[in-house]
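J.: Predicted structure and sequence below. I'll ask about it afterward.
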Amino acid sequence: MSISNLPEKLRDRSSFTLSRKGRRSLIAWAGLIPALVILVTYRLMPLFWNVMLSFENMRYTGETTWVGLENYQRLVEDPVFWDALFNTILFLGAVPIGVTIALGLALLLNKQFPGSNVFRSMFFLPYITMMVAIAVIWSYMFKTQGGVINFMLQEAGLIESNIGWLSNSWWARASVIIVHVWKTTGFYLIIILAGLQNISPSLYEVARIDGASKRQQFMYITLPLLKPTLGVCALVGLVTSFELFDLVQVLTGGGPARSTEILITWIYKQAFEFGNFGYSAALTIVLFVLMAGLSLLGAHLQGGDYV
Amino acid sequence: MSQINETINRSNVRTLFEKAALHRAENWSEFVRRLPYFVAGLVLSLAFFFPFYWLIKVAVMWPAGSLYSGDPSLVLERFELFNFVRVYYEIPFPRYLFNSIVITTLAVVGSLVTNSLAAYSLTKDFYGKKLVLAFLIAALMIPYYVTVIPAFLVTNRLGLLNTHLGVALPFMTFIIGTFILKNSFEAVPDSMIEAARLDGASEAYILFGVLWPLAKPAIATNVILGFIQAWNAYLWPLVIVSDRLMQPLPLGLASFSTRFDGSFTLQYAFAIMVLIPVVIMFLLLQKQFIQSVVQSSVKE
């Protein structure tokens, strides 16, 4: 074993590991196949098929005819589409509302008093509860006559006459947002609490020594350091907004008078109630572009400058 | 000498007592200081919890007449299980439950296997790894809700409409689960895997016999996330299932609420029957649930 032998040996070894890497690749790809097959069939292929479908007309029989941009032209002329687009964006307002409430709750629960873990779980429970069941629960609570929400508001003297929560278009929109805020706040709370734990207590100590007030500590330490966490909340909030399909479908059915229709419910109705697969594919493209754009924007903001 | 010792001991004891007294006072003042937080937390969490209380309160109400006459009362007056019995006889509940259990089991077991296989592959260095990772991250951007219509057409071509497998198949892998398992597998020291390989262990044994036992938290996370996804799914089964007997619980609940529109005691009873499995699991595994959900969003 002299030094001069070494290069040759190394070359030998490297050719050996290369063939090993080939064998390893074979095994790795074999392991990846089940997951990849499902993802390609249910995510990638549908996306391309959807793009094609949006230029076509398709009936239940499966025959397709090329119609060019007709579906997109129809989109522009469809008033429900514009309402649905408006509502889709409006209902995203549940995200900042939920995150703000969660931030307040997190600052409270972060005080580590007895019972704070139990409270945390109580706030979290709605998040893992089935949306359909939640819609059923709230649809009775929101009833105009005999609904518990109107009853409590009247008892508290906040309203004179009953609110038509689900029968007035703006109150119906508010109802959807309220329920979605209620469902998702617990999730944001958990994420923000985890984010708060990551802020070193010594930062606050130094700030206190320097004479920073509670408000200043919050504005200049907590908030900037929580920025990535809040970004995660916003991104996940964007994704969970798809669950609004279940809520709108069961709570309001898109009503009254299509005033709570969102893109995803309109897509579903166009395809499976009216049989316009081509048109609903065009709607899907709009939804996809909207969501992808917003999540890229969110990721950009999240990756922005922070300490 | 002993005298000195004694005095020292005595003074020690005294300071100890004083310290304890001080500590008690501190504890007490600490408690008083934290009392407002406790009260605020209690009030807010009870307010948040109210819909669940209301769910139980209305579900055990019988007769339902008092529901429609005048103002609702907030206190739990009676506890009757009649509504549950009535729901049980009105609809094929065991059938819905069976469908939900089959679909969820397929989804959980399937995704655990496919995610583990994919995750184990991704821990290796192989040709095309970068391509696969890029694909997975891009696919993460396509929520299944968006592709529901063509995915329906695909399922139709596969002849899987109105089958359990047809509903479960898209849930039988999820990318976040794969990444969580991958991170967990990568934390296992290479020397252990090498040792197993030298002992003649097969790849399958390394994955299921060596890595799995060491990745229990990641596996729990996968099971919990897969379970929540499949159990609560509504849109996908709605699209795939038209046969009443193949409906899982969420579809059953939604159609029940249109059929018994206005009979809220029955709807609430059904909702409880649907929610119980998840709530029990959550109560037993609170920590794991919360960790799973945190992990699913905060990827490294």
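T.: Good, I have the coordinates.

J.: Quick check: next helix or strand after the helix or strand of chain A with the lowest mean pLDDT?
T.: The weakest-scoring helix or strand in chain A, judged by mean pLDDT, DSSP states H and E, is helix A:6-39 (a mean of 75). Once the chain leaves helix A:6-39, the next helix or strand it forms, by DSSP states H and E, is helix A:45-53.

J.: Which is the succeeding secondary structure element to that following helix?
T.: strand A:56-58.

J.: tell me the SS of A:Thr65?
T.: For A:Thr65, the assignment made with DSSP: H, G, I helix; E, B strand; the rest coil gives strand.

J.: how close does it sit to A:Phe55?
T.: In this view, A:Thr65 and A:Phe55 are 10 Å apart by Cβ to Cβ, to the nearest Å. (Glycine included, C-beta is placed from N, CA and C.)

J.: Same question for A:His300.
T.: From A:His300 to A:Phe55 the distance is 31 Å (Cβ to Cβ).

J.: between the two, who's got more neighbours?
T.: Set A:His300 next to A:Phe55 and count neighbours by other Cβ atoms under 10 Å in any protein chain shown: A:Phe55 wins out with 17 against 10.

J.: Hmm, that one is touching A:Asn71, no?
T.: Yes: between A:Phe55 and A:Asn71 there is a contact under Cβ atoms under 8 Å: 7.0 Å.

J.: Residues that sit against both of the two, list them.
T.: A:Gly278 (Cβ atoms under 8 Å, 6 or more residues apart in numbering or on different chains).

J.: ok, residue 293 - how many residues close by?
T.: No chain in the question, so chain A it is. Around A:Gly293 there are 10 residues (other Cβ under 10 Å).

J.: meant chain B actually
T.: 22.

J.: Flag the shaky bits of the chain, pLDDT-wise.
T.: All of this is about chain A. A:1-18, A:60-62, A:301-307 (pLDDT under 70).

J.: look at chain B instead
T.: B:1-26, B:64-71, B:298-300.

J.: domain parsing for it?
T.: Residue ranges for the domains of chain B, per automatic domain parsing: B:2-45, B:82-297.

J.: Export those as a markdown table, with columns for distance to A:Leu294.
T.: Output for these, formatted as a markdown table (distance: least, Cβ to Cβ, whole Å):
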| stretch | distance to A:Leu294 |
| --- | --- |
| domain B:2-45 | 30 |
| domain B:82-297 | 11 |
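
J.: Out of the ones you listed, which is closest to A:Leu75?
T.: A:Leu75 lies closest to domain B:82-297 among these, at 15.2 Å (Cβ to Cβ).

J.: Regarding A:Leu296, which helix or strand does it belong to?
T.: Counting by DSSP H and E, A:Leu296 is part of helix A:277-302.

J.: got the contact list for A:Asn87?
T.: So A:Asn87 contacts A:173, A:259-262 (Cβ under 8 Å, 6+ apart).

J.: ranking these by neighbours, who comes first?
T.: So for the contacts of A:Asn87 (other Cβ under 10 Å), the most neighbours sit at A:Thr260, 28 neighbours.

J.: Correct me if wrong: that one contacts A:Gln249.
T.: No: using Cβ under 8 Å as the test, A:Thr260 is too far from A:Gln249 to be in contact (10.1 Å).

J.: can you tell me if stretch A:76-86 touches chain B.
T.: No: using Cβ under 8 Å from any Cβ of the partner chain, we find that stretch A:76-86 stays clear of chain B, coming within 14.3 Å at best.

J.: So what touches that stretch?
T.: Counting by Cβ under 8 Å, 6+ apart, A:75, A:258-259, A:261-263, A:265-266, A:283, A:286, A:290 sit against stretch A:76-86.

J.: again, 6 Å this time
T.: Residues outside stretch A:76-86 that contact it (Cβ atoms under 6 Å, 6 or more residues apart in numbering or on different chains): A:75, A:258, A:261-263, A:266.

J.: Please apply the same query to stretch A:132-148.
T.: With Cβ under 6 Å, 6+ apart, stretch A:132-148 has contacts from A:149, A:162, A:164-166, A:175, A:179, A:246-247, A:250-251, B:51, B:55, B:72, B:234, B:250, B:253-254, B:257, B:264, B:267, B:271, B:274-275.
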